[in-house]
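Visitor: pasting the sequence and the predicted model now:
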Amino acid sequence: MAEQHKERVNMNVSSLSKKLLEGWTLLSESCPNSSCNVPLVRNKAQTEVFCVSCEQTFDSSIVQPGTPKRSVYDEQSSVAPVPMDHTPGPVTRSPLTTATEATVQPPRDFTATAERYLTPLGTPAAAPVPAPSSAPPTAPSPGRGADRQSKSDKQSSLLAEKLLQGWTLLNEYCQMESCLAPLVRSRDKRKYCVSCGMYVVSEAEAPQAVATNPAPSPLPVADAAAQNFAPTFNYVPSAASSAPVAPHTTAAAAPPLSMAGGASLDAVRLGTVAALTSKLDDFRGMLVATPLDGTHQSIKHLREIITAISETCQSLSAVKGLQ
């Protein structure tokens with residue numbers, strides 16, 4: 001029963017809306033049929049009165065002349081009568097409630113308003129539809145949008161620079177929180193994030209650190225960092241560090257250099273400098289691969305790397321000063 005009533009009301013609303021859009025006038029009189037009670041409409045020529053529910057045409061004489069037309073905007077907009085013994089004052093009249101005929105334009109929320117008029121007699125009216133909230137959505141902060149745009153422009157510029165240098169743009173993204181920038185790959189197959197400025201090495205790609213004892217060098221040199229520093233985490237070594245580096249002792253405890261195997265002092269010194277330089281490249285790769293997440297473990301790793309770099313530089317200076 002309720003579904004049939006709702007379907008009937010929707011049909012009446014649709015038909016009445018179509019007539020109003022065609023220029024018909026909504027009248028205050030209802031259909032004379034006792035089981036209908038739907039408002040009548042009249043054409044522009046004022047020669048035909050029609051009921052959209054019964055689909056029946058009536059003679060225009062059933063409309064009393066001078067009768068105000070019903071407003072679908074507000075059914076309570078009629079002016080209250082003024083007592084005769086009261087001094088007349090200014091009367092406020094709604095511009096939509098006039099004694100002259102006017103074409104009624106369909107309201108913005110016509111469905112909810114017309115249901116009050118199109119409900120047949122003896123049928124409970126449907127609950128009014130609440131009007132949607134007219135509050136405008138909150139606009140985003142202009143400063144936040146400008147910062148995001150500036151960061152995006154910077155990332156695009158850095159990506160373009162890497163691509164011009166021969167790097168490859170990957171279908172992968174940085175896993176750092178609040179970054180998610182696309183990754184690029186260098187010619188030596190290393191992944192890099194232009195936004196964080198760091199190389200990205202996954203656990204599966206990082207080589208396992210194996211503690212081994214390399215063969216002793218026939219000519220010990222001064223390098224305390226290569227002998228004492230043993231990193232406890234993984235890193236990506238550079239291509240120049242493929243050859244094993246011999247352990248060294250401190251410069252103060254180093255014995256005089258010998259000419260074993262007929263090697264010259266210059267050749268030994270150049271080989272040692274190359275080995276120490278390779279170690280510096282390894283330490284630089286370790287420094288880049290260490291995540292800057294502010295944890296105690298990462299800070300400890302950074303301190304160890306910096307200490308090893310400092311000691312290696314001191315040893316390199318001592319070797320270069322040998323005559």
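Guide: Done, it's in.
Visitor: mind giving me the domain split of this protein?
Guide: Taking automatic domain parsing as the criterion, the chain consists of the domains 1-75+101-128, 143-200, 224-320.
Visitor: quick one: low-confidence parts of the stretch 51-200 of the chain?
Guide: By pLDDT under 70, the low-scoring segments of the stretch 51-200 of the chain are 63-144.
Visitor: now with 80, please.
Guide: Filtered on pLDDT under 80, the stretch 51-200 of the chain yields the residue ranges 59-148, 151, 164, 177-178.
Visitor: just the helices in the stretch 151-300 of the chain please.
Guide: Taking DSSP state H, counting those that start in this stretch to define them, one finds helices in the stretch 151-300 of the chain at 224-228, 265-289, 296-320.
Visitor: now the last one against helix 265-289, angle please.
Guide: Helix 296-320 and helix 265-289 are oriented at 160 degrees to each other (axes from the mean of the first three to the mean of the last three CA atoms, to 10 degrees).
Visitor: re earlier: as JSON lines, the helices of the stretch 151-300 of the chain with mean pLDDT and mean neighbour count would be great.
Guide: Yep, even glycine has a C-beta here, placed from its N, CA and C like the rest. Formatted as JSON lines, the entries for those read as follows, by pLDDT from 0 to 100; neighbours: other CB atoms under 10 Å:
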{"stretch": "helix 224-228", "mean pLDDT": "43", "mean neighbour count": "18"}
{"stretch": "helix 265-289", "mean pLDDT": "80", "mean neighbour count": "18"}
{"stretch": "helix 296-320", "mean pLDDT": "82", "mean neighbour count": "16"}
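Visitor: possible to save the ones you listed as a markdown table with distance to K6?
Guide: Formatted as a markdown table, the helices of the stretch 151-300 of the chain follow (distance: least, CB to CB, whole Å):
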| stretch | distance to K6 |
| --- | --- |
| helix 224-228 | 85 |
| helix 265-289 | 68 |
| helix 296-320 | 66 |
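Visitor: among these, which is nearest R190?
Guide: Closest of those to R190 is helix 265-289, at 8.9 Å (criterion: CB to CB).
Visitor: the helices of the stretch 151-300 of the chain: which one's closest to S15?
Guide: helix 296-320 (73.6 Å).
Visitor: helices and strands around the closest one, which ones?
Guide: helix 224-228, helix 265-289 (3 or more CB pairs under 8 Å, 6 or more residues apart in numbering; DSSP states H and E).
Visitor: need those in TSV with distance to G145, can you?
Guide: Formatted as TSV, the helices and strands packed on helix 296-320 follow (distance: least, CB to CB, whole Å):
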stretch	distance to G145
helix 224-228	49
helix 265-289	32
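Visitor: nearest approach to K320 belongs to which of those helices?
Guide: Taking CB to CB as the criterion, helix 265-289 is the member of the helices and strands packed on helix 296-320 that comes nearest to K320, at 6.4 Å.
Visitor: from I305, how far off is A289?
Guide: As defined by CB to CB, to the nearest Å, A289 lies at a distance of 10 Å from I305.
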